[in-house]
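> this one's sequence-less:
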């Protein structure tokens, strides 16, 4: 596979943090008394921006209310995940390899900027990314292709020259609709659940070098 750019989702890809986001959402759901379980989370929440999610949960929330809800939920997540946070298996070696081959690298995430800082800075990953697009920079969250279209544009590459690594079903659809080659990362979903969504599936980044022919 000849590529010029690689685009990573963050949650479930750069870090395998599905469990901690889910726990935070369950705490939040219990407090605000709305139905949530793992199936609902994986099918309807994973890969979406807070701006997409809170209008689904609350009736016509104001911008101020959505910010307050977002700050509360993300605070719960950070408290749970900070003590155990680490880069996904094989990621740093893979990023270093991409740099060696002068392949451009982008982050395309639905997460808010505070969550991006929370992950990239303590793990010293920011240095690897030529472009970072977060959830506040797009008008439509995944599965809309906007986030990956914007990543490609900022990298100065055509979508067909880029590979997207994604864990969520919404994200896989987003990358495909953008016109990129998509690789499923089996973290928030089992590999069999990604079958039919993409022909390329990995469990971690120790498998990625061979996949891209590097």
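Noted; the coordinates are in hand. On a predicted model such as this, the values are computed, not experimentally measured, just so you know.
> have a look at this protein and report its longest helix.
helix 63-81 (DSSP state H).
> run through who's touching that helix.
By C-beta atoms under 8 Å, 6 or more residues apart in numbering, the residues outside helix 63-81 that reach it are 17, 20-21, 23-25, 27-28, 50-51, 54-55, 58, 61, 112, 114-115, 118. Where you see a C-beta, it was placed from the backbone N, CA and C, and this is true even at glycine.
> next secondary structure after that helix?
The element immediately downstream of helix 63-81 (helix or strand, assigned by DSSP states H and E) is helix 91-100.
> buried set for that following helix?
91, 92, 94, 95, 97, 98 (16 or more other C-beta atoms under 10 Å).
> if we take these, which one ends up nearest to residue 166?
Nearest to residue 166 among the buried residues of helix 91-100: residue 91, at 14.2 Å, using C-beta to C-beta.
> that closest one and residue 138, how far apart?
24 Å (C-beta to C-beta, to the nearest Å).
> can you mark which positions in the longest helix of the chain are buried?
Buried, per 16+ other C-beta under 10 Å, within helix 63-81: 66, 69, 70, 73, 74, 76, 77, 78, 80, 81.
> dihedrals phi and psi, residue 195?
Per-residue torsions, residue 195: phi -60, psi 130 (degrees, to the nearest 10).
> using JSON lines, please lay out the buried residues of helix 91-100 together with distance to residue 130 and pLDDT.
Formatted as JSON lines, those follow (distance: C-beta to C-beta, whole Å; pLDDT from 0 to 100):
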{"residue": "91", "distance to residue 130": "16", "pLDDT": "97"}
{"residue": "92", "distance to residue 130": "16", "pLDDT": "97"}
{"residue": "94", "distance to residue 130": "15", "pLDDT": "97"}
{"residue": "95", "distance to residue 130": "11", "pLDDT": "97"}
{"residue": "97", "distance to residue 130": "15", "pLDDT": "96"}
{"residue": "98", "distance to residue 130": "10", "pLDDT": "96"}
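> dump those to CSV, plus distance to residue 162.
What follows is the buried residues of helix 91-100, written out as CSV (distance: C-beta to C-beta, whole Å):
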residue, distance to residue 162
91, 18
92, 21
94, 15
95, 15
97, 17
98, 12
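> can you show me the helices along this protein?
18-32, 38-40, 50-57, 63-81, 91-100, 113-120, 146-155, 169-178, 191-194, 208-211.
> which other helices and strands contact the first one?
For helix 18-32, the packing partners by 3 or more C-beta pairs under 8 Å, 6 or more residues apart in numbering; DSSP states H and E come out as helix 63-81.
> let's go with 10 Å and repeat that
helix 38-40, helix 50-57, helix 63-81 (3 or more C-beta pairs under 10 Å, 6 or more residues apart in numbering; DSSP states H and E).
> so how far is it off the chain centroid?
From the chain centre to the centre of helix 18-32 is a distance of 18 Å (C-alpha atoms, centre = their mean, to the nearest Å).
> list the buried residues in that helix.
For helix 18-32, by 16+ other C-beta under 10 Å, it's 18, 20, 21, 22, 24, 25, 27, 28, 29.
> also the third one?
Across helix 50-57, burial judged by 16+ other C-beta under 10 Å covers 50, 51, 52, 53, 54, 57.
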